[in-house]
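A.B. asks: Mind folding the following:
(one chain, ligands or ions: 1)
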Amino acid sequence: MDVFEHVIAGKEVPSIDGATMPDIDPYTQEQWATVALGSAADADLAVAAAREAFDHGPWPRMGYEKRQKILHRLADLMDEHAQELALADTRDMGKPVTQALHDVERSSWNVRFFADHARLSMADTYPMDSGHHAYSVHDPAGVVVAIAPWNFPLMMSTWKVAPALAWGNTVVLKPAEDTPASATIWARLALEAGVPEGVLNVVHGFGPNSVGEALTRNPAVDRITFTGESSTGRIISAAAAANLIPVSLELGGKGANIVFDDAEMDNAVRWAVQAIFRNAGQVCLAGSRLYVQNGIYDEFMRRYKIAAESMKVGDPKDPTTEFGPLASSVHHDKVTSYFDTIAVDGGRILTGGSGNGLFVNPTIIVDAPATARVCTEEIFGPVVAVQRFDNEEDVVSAANATPYGLNAMVFTENLSRAHRVAENLKAGTVWVNCFFIRDLRAPFGGIGDSGVGREGGNFSREFFTEPKAVVMQITR
Ligand code: NAD
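C.D. replies: So this is what the prediction gives:
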């Protein structure tokens, strides 16, 4: 059986008290690995290692070029170990291995991109009239705590940690308790690539009254970057406020996917399937509210139902599988509990519902009122609530009637409508005629309950550095 321990100060170590937890494969529902179960003492040790590496180690001092080379070596190693990393996520949370391999590709790109971006990005200069000259310098912020969710274990970890490292910080990464494996393998590869001891530490454990809470309360930490549920984000924000440190929160969503009459229908159907059924809907960006205009509703729904029902459901380790089980039995219970709400709130299951084991089949709900829980709450599973609409004004106001604001999708061939609707939607990202396509320089984050702050490109630099102004006298 595989064993995943903490990685602290360059060594793989068990918990101080020797505690462990089982790592369960949601497809077989059997234990496939044993994981060190950390406590506050392990979290403190990891922060102390990161603090020491930041205050006295070479990483913050070696300059961008050397860090860039080491991070590129790490990305190369990730590509070489793609199968191992992908299988770790697949066994941890049931993601089809083909999708997990795609995540690894995007993860190594995260590392390469930020290594290059940190080296190439320009600082500002401010010519002054008074015989002086000013410019800005971006110093690394210090010790970064990165807390990741279980839905894209490696991809989310690299999205947070790569920019932190590229700008010279040291890191303590806490993966979600259900998905500890890929982060541990990644930390091993980082050491092999030449990332110095103590620069990337990984501690395993739970959130409340455990490793997560201890990390967010530790006064030696300079930044917290968190991805997870909105309710957890509120708790972490309060912990960061107590230590007066910046926090970046990437939280939940209830994405609106709007398909107008003039959309290219095959494209809209294909993306509407991907938007809610990829990764079994366990995606913060999921298009879980689908709005279809009246004129095409019947034909769109006919094609959409066929496409949802033809997804290949099965063993996530099989490369031909498109749709796997949910990540854990706890999460399975949460998702299926929404089926009971339909009887009370209204609505009808057009296709899907509970499957075998921890599977929930691709599920389409129609005729639910806009106030139904399936239309308002983040289910975080393969469950889409479809509503029809008449005109642009109505659909924009329906789409915006949510406390979330992470993302939205618009399908139309009308250029001015595309721009107008994109402008009027309250969301951190709007995709037009596509979904999930990213440029890592662009801001990523959410409005309202979907988060605080933006990451990506220079937005990550703003968060992971302390900008300093230097003012020089030029003439006396
Ligand atoms: P979660 O909030 O339950 O847990 C996320 C992480 O926080 C885990 O590592 C957990 O151990 C830790 N944690 C929990 N309570 C904590 C506490 N009190 N102090 C410190 N750490 C704590 O979320 P999850 O169920 O793992 O992930 C699913 C959620 O993440 C969904 O809401 C989803 O929308 C969101 N998400 C958002 C984005 C985004 O970019 N906006 C991306 C992926 C997932």
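
A.B. asks: Could you verify that residue 119 is part of a helix?
C.D. replies: Yes - secondary structure of residue 119 (DSSP: H, G, I helix; E, B strand; the rest coil): part of a helix.

A.B. asks: Now do the contacts for it.
C.D. replies: 64, 65, 67, 68, 166 (C-beta atoms under 8 Å, 6 or more residues apart in numbering). The C-beta positions use only the backbone N, C-alpha and C, and glycine is treated the same way.

A.B. asks: Buried subset of these as a ChimeraX selection?
C.D. replies: Selecting only the buried entries of these in ChimeraX, with 16 or more other C-beta atoms under 10 Å as the criterion:
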select :64,67,68,166
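
A.B. asks: any idea how far the ligand is from the nearest residue to residue 157 once chain neighbours are set aside?
C.D. replies: Taking C-beta to C-beta, 6 or more residues apart in numbering, and ignoring the residues beside it in sequence, residue 157 has residue 148 as its nearest neighbour in space, at 4.7 Å. Going from residue 148 to the ligand by C-beta to the nearest ligand atom, to the nearest Å gives 6 Å.

A.B. asks: where do the helices sit along the stretch 1-150 of the chain?
C.D. replies: 40-56, 64-80, 82-93, 97-120 (DSSP state H, counting those that start in this stretch).

A.B. asks: Please apply the same query to the stretch 351-476 of the chain.
C.D. replies: Using DSSP H, counting those that start in this stretch, helices in the stretch 351-476 of the chain cover 373-376, 392-400, 415-424, 457-464.

A.B. asks: okay, the second one in PDB with CA atoms only?
C.D. replies: Taking only C-alpha atoms (Å, rounded to 0.1, in the frame of the first residue of the first chain), the coordinates of helix 392-400 have been written out as PDB:
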ATOM      1  CA  GLU A 392     -32.200  39.200 -23.200                       C
ATOM      2  CA  GLU A 393     -33.200  41.500 -20.400                       C
ATOM      3  CA  ASP A 394     -35.000  38.800 -18.500                       C
ATOM      4  CA  VAL A 395     -32.200  36.300 -18.800                       C
ATOM      5  CA  VAL A 396     -29.500  38.700 -17.700                       C
ATOM      6  CA  SER A 397     -31.500  39.600 -14.600                       C
ATOM      7  CA  ALA A 398     -32.200  35.900 -13.800                       C
ATOM      8  CA  ALA A 399     -28.500  35.100 -14.300                       C
ATOM      9  CA  ASN A 400     -27.400  37.900 -12.000                       C
END
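
A.B. asks: Flag every residue of this protein that's near the ligand.
C.D. replies: 147-151, 156, 174, 176-177, 206-208, 212-213, 216, 227-229, 232, 235-236, 250-253, 284, 378, 380, 406, 446, 451 (C-beta under 6 Å from any ligand atom).

A.B. asks: what's the closest non-adjacent residue to the residue nearest the centre of the chain?
C.D. replies: Nearest to the mean C-alpha position of the chain, by C-alpha atoms, centre = their mean, lies residue 156 at 4.2 Å. Leaving out its chain neighbours, the residue that sits closest to residue 156 by C-beta to C-beta, 6+ apart is residue 148, at 4.6 Å.

A.B. asks: what lines up beside the lowest-mean-pLDDT helix or strand in the chain in the sheet?
C.D. replies: In the chain, no helix or strand scores lower on mean pLDDT, DSSP states H and E than strand 125-127, which sits at a mean of 92. In the sheet, strand 125-127 lines up against strand 132-140 (antiparallel) (DSSP bridges).

A.B. asks: how about the partner strand: buried residues?
C.D. replies: For strand 132-140, a neighbour-count test (16+ other C-beta under 10 Å) marks 138, 140 as buried.

A.B. asks: try stretch 381-388
C.D. replies: Applying a neighbour-count criterion of 16+ other C-beta under 10 Å, one finds 381, 382, 383, 384, 385, 386, 387, 388 buried in stretch 381-388.

A.B. asks: again with stretch 429-446
C.D. replies: Buried-residue list, stretch 429-446, by 16+ other C-beta under 10 Å: 429, 430, 431, 432, 435, 436, 440, 444, 445, 446.

A.B. asks: returning to what we had before: from memory the residue nearest to residue 157 sits against residue 176, does it?
C.D. replies: Yes - if you go by C-beta atoms under 8 Å, residue 148 and residue 176 touch, sitting 6.1 Å apart.
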